[in-house]
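Enquirer: no letters, just coordinates:
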């Protein structure tokens, strides 16, 4: 930013990038100036390596001081990338995902591997887990397989059917979108298959069976079928499966009916199902489900 004071032009330099020994001056969108070492820029950035050839360092110094290099980036983005590029302390752990994405754009434009590796390490931090779809999109675009797998795990708390996620999903390449959809769908379907085939549920999975207590009364297993359907819907809505076995599940109408179902024979009134045993088996069905793409 340029200010006029007593007829002189006063330049606004960033306080951390105002060394008189740094001869290259960069200017942000807001007009803030950043004095930066030509040596550092050339040795860390392919873009500046081409822009600042060694033979022209001395002859261009005065010209560059008078005419700063305009950088199409905000102060927030430019400062963050320059701090990483110059080996200075960064507040990257407090940066928002928007700021990180803007930084990646500038890093790619400058062709500088160092800051990109710092970003790669930073995005696995817990603060960014809530942005799992954005993290997955960024990691897959950059070919970061481990980070993409981690992000795919964190997406399991989301429903991909939610229209709020459509803009993010549209950013994905088809193969990455299919991989993510397959992960969500496979957890749901494998869980359902386990409920349908687990030996513990063989009695409950029969359309009609005999009360296990009195061995006389025929009973309809509709309470279990309704609870299974509710669990299937929950896994479709939230494939992580953390609502299964939760306190919320205790309050589901289907749970109340299922665990409270009793033999209609007055002399028996035995419970249809052993809740403790069946819940333990239900939870075991969640073990072993795929967690990553």
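Expert: Received it, and whenever you're ready, just let me know what you need. None of the values given here were measured: they were computed from a predicted structure.
Enquirer: now the strands for the chain?
Expert: 2-5, 8-11, 24-27, 33-36, 69-70, 208-210, 218-220 (DSSP state E).
Enquirer: tabulate those strands in JSON lines, adding columns for distance to residue 182 and mean pLDDT.
Expert: Heads up, the C-betas are built off the backbone N, CA and C, glycines and all. Output for the strands of the chain, formatted as JSON lines (distance: least, CB to CB, whole Å; pLDDT from 0 to 100):
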{"stretch": "strand 2-5", "distance to residue 182": "55", "mean pLDDT": "42"}
{"stretch": "strand 8-11", "distance to residue 182": "55", "mean pLDDT": "52"}
{"stretch": "strand 24-27", "distance to residue 182": "45", "mean pLDDT": "94"}
{"stretch": "strand 33-36", "distance to residue 182": "46", "mean pLDDT": "94"}
{"stretch": "strand 69-70", "distance to residue 182": "45", "mean pLDDT": "94"}
{"stretch": "strand 208-210", "distance to residue 182": "36", "mean pLDDT": "86"}
{"stretch": "strand 218-220", "distance to residue 182": "36", "mean pLDDT": "89"}
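Enquirer: what's the closest of these to residue 285?
Expert: Smallest distance to residue 285 across these (CB to CB): 20.7 Å, for strand 208-210.
Enquirer: one step back: of all the strands of the chain, which one comes closest to residue 163?
Expert: Of all the strands of the chain, strand 218-220 comes closest under CB to CB, at 38.2 Å.
Enquirer: how about residues contacting that closest one?
Expert: Strand 218-220 is touched from outside by 207-211, 261, 263-264, 272, with contacts defined as CB atoms under 8 Å, 6 or more residues apart in numbering.
Enquirer: 7 Å instead?
Expert: Outside strand 218-220, the residues that touch it by CB atoms under 7 Å, 6 or more residues apart in numbering are 208-211, 263, 272.
Enquirer: what about those, which one has the most neighbours?
Expert: In terms of neighbour count, residue 272 stands highest of those at 23 neighbours, by other CB atoms under 10 Å.
Enquirer: quick one: contacts for the spatially closest residue to that residue that is not a sequence neighbour?
Expert: In this structure, residue 272 finds its nearest non-sequential neighbour in residue 261, 4.1 Å apart by CB to CB, 6 or more residues apart in numbering. Going by CB under 7 Å, 6+ apart, residue 261 touches 223, 271-273.
Enquirer: re earlier: can I get the strands of the chain in a markdown table with distance to residue 175?
Expert: Shown next, in a markdown table, are these (distance: least, CB to CB, whole Å):
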| stretch | distance to residue 175 |
| --- | --- |
| strand 2-5 | 49 |
| strand 8-11 | 49 |
| strand 24-27 | 38 |
| strand 33-36 | 40 |
| strand 69-70 | 38 |
| strand 208-210 | 46 |
| strand 218-220 | 46 |
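Enquirer: residue 284: which of these is closest?
Expert: Ranking these by their distance to residue 284 (criterion: CB to CB) puts strand 208-210 first, at 22.2 Å.
Enquirer: tell me which of the contacts of strand 218-220 is nearest to residue 131?
Expert: Out of the contacts of strand 218-220, the member with the shortest distance to residue 131 (by CB to CB) is residue 272, at 44.5 Å.
Enquirer: show me the contacts for the spatially most central residue of the chain.
Expert: Nearest residue to the geometric centre of the chain (CA atoms, centre = their mean): residue 132, 1.4 Å. With contact set as CB under 7 Å, 6+ apart, residue 132 has these partners: 151, 154-155, 158.
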